[in-house]
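Here is my input, please return the structure:
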Amino acid sequence: MKPLDDQQRAARDWFESLRTRICAAFEEIERGAGSDAAFAFTPWERTDEDGSPGGGGVRGQMNGAVFEKVGVNVSTVGGRFAPEFAATVAGAEDDPSFFATGISLVAHMANPHVPAVHMNTRFLTTTRRWFGGGADLNPAIPYDEDTAAFHARLRAACAAHDPTFYPRFSKWAEEYFWLPHRQVPRGVGGIFYDHLEGHFDAHFAFTRDVGEAFLDIFPRIVRRRMDTPFSEADRQALLEYRGRYVEFNLLYDRGTLFGLKTGGNIDAILMSLPPLARWA
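Below you'll find the model as predicted:
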């Protein structure tokens, strides 16, 4: 992989620092529940098709009393897209060289009253450069209070940068996190954005604020629900809901496709899958 330039290095460093803070916050929640669960970090390296080094990343995973399975991955990779995939990526049609760095997080919770969550932000370079990402809440047992709090925090992060961001990006999330074969949403939404390009400093600042918003609101929702009693029926509802999550990630998720098409680490790519799921 080519040496990183200043923008690429700044983005990578931010994603790595955000990973460290998120993992610390989640471990603190586990300690509050009387658990000594901690993240295990596994580094991996990528090799390009010609055998040259292609970067890599670190897969972080924790299995605890509150977080039944949570993964927080950071990857920084580069190389050349396969021709058929390059044709689908902005700016790679004529030059398949690419660079990508980002953080990807999925948490599946032990208590059915605590929502699962996904968060991802990334910076990609082809002959063009852009940020993308978002966050969305996925409760098996929805609470209007949690949904409203999650959206309000993301709305505030968006409003600090552009009044059009939240209306645009929340609608984009509704459209993206949708299961066409079931005609149902994957969860209760959030924001999704892509191809923010042309203004690195402004879009990097927004992407950082998305990460800060997630780190602020999700631990608060977890603490609000983690001690709620639940029944076996609640647990079965959770497992069936997770089946929809599996279906989306294997059939439609862009991040899964990107990872598989660029020679990513299989365990890191499929980290988003729950430890248990059920199809009735």
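
Wait, a strand at residue 38?
No. Under DSSP: H, G, I helix; E, B strand; the rest coil, residue 38 sits outside any strand and is assigned coil.

State the number of residues packed around it.
Using other Cβ atoms under 10 Å, residue 38 is surrounded by 14 other residues. Backbone N, C-alpha and C define where each C-beta goes, glycine included.

The nearest residue to it once chain neighbours are set aside sits in which helix or strand?
With sequence-adjacent residues excluded and distances taken as Cβ to Cβ, 6 or more residues apart in numbering, residue 38 is closest to residue 27, at 5.6 Å. According to DSSP states H and E, residue 27 maps onto helix 6-32.

Next SSE downstream of that helix?
strand 40-47.

so the residue nearest to residue 38 sits right up against residue 65, yeah?
No. Using Cβ atoms under 8 Å, residue 27 makes no contact with residue 65, being 11.7 Å away.

Now do the shared contacts for those two.
Common neighbours of residue 27 and residue 65, counting by Cβ atoms under 8 Å, 6 or more residues apart in numbering, are residue 37.

Show me the strands in the protein, by range?
Under the criterion DSSP state E, strands of the chain are mapped to 40-47, 53-62, 67-80, 97-109, 116-125, 129-138, 178-179, 184-185, 190-196.

Reformat those as CSV; add mean neighbour count and distance to residue 257.
Output for the strands of the chain, formatted as CSV (neighbours: other Cβ atoms under 10 Å; distance: least, Cβ to Cβ, whole Å):
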stretch, mean neighbour count, distance to residue 257
strand 40-47, 13, 16
strand 53-62, 20, 17
strand 67-80, 23, 15
strand 97-109, 23, 13
strand 116-125, 24, 13
strand 129-138, 23, 14
strand 178-179, 15, 16
strand 184-185, 14, 20
strand 190-196, 22, 14
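
and those as JSON lines, adding distance to residue 278 and mean pLDDT?
Below are the strands of the chain laid out as JSON lines (distance: least, Cβ to Cβ, whole Å; pLDDT from 0 to 100):
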{"stretch": "strand 40-47", "distance to residue 278": "26", "mean pLDDT": "91"}
{"stretch": "strand 53-62", "distance to residue 278": "22", "mean pLDDT": "91"}
{"stretch": "strand 67-80", "distance to residue 278": "14", "mean pLDDT": "95"}
{"stretch": "strand 97-109", "distance to residue 278": "13", "mean pLDDT": "96"}
{"stretch": "strand 116-125", "distance to residue 278": "14", "mean pLDDT": "97"}
{"stretch": "strand 129-138", "distance to residue 278": "16", "mean pLDDT": "97"}
{"stretch": "strand 178-179", "distance to residue 278": "16", "mean pLDDT": "96"}
{"stretch": "strand 184-185", "distance to residue 278": "17", "mean pLDDT": "96"}
{"stretch": "strand 190-196", "distance to residue 278": "25", "mean pLDDT": "97"}
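
Present those as a markdown table; the columns should include distance to residue 32.
Putting the strands of the chain into a markdown table (distance: least, Cβ to Cβ, whole Å) gives the following:
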| stretch | distance to residue 32 |
| --- | --- |
| strand 40-47 | 20 |
| strand 53-62 | 14 |
| strand 67-80 | 12 |
| strand 97-109 | 14 |
| strand 116-125 | 18 |
| strand 129-138 | 21 |
| strand 178-179 | 34 |
| strand 184-185 | 31 |
| strand 190-196 | 25 |
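
Sounds good, over and out.
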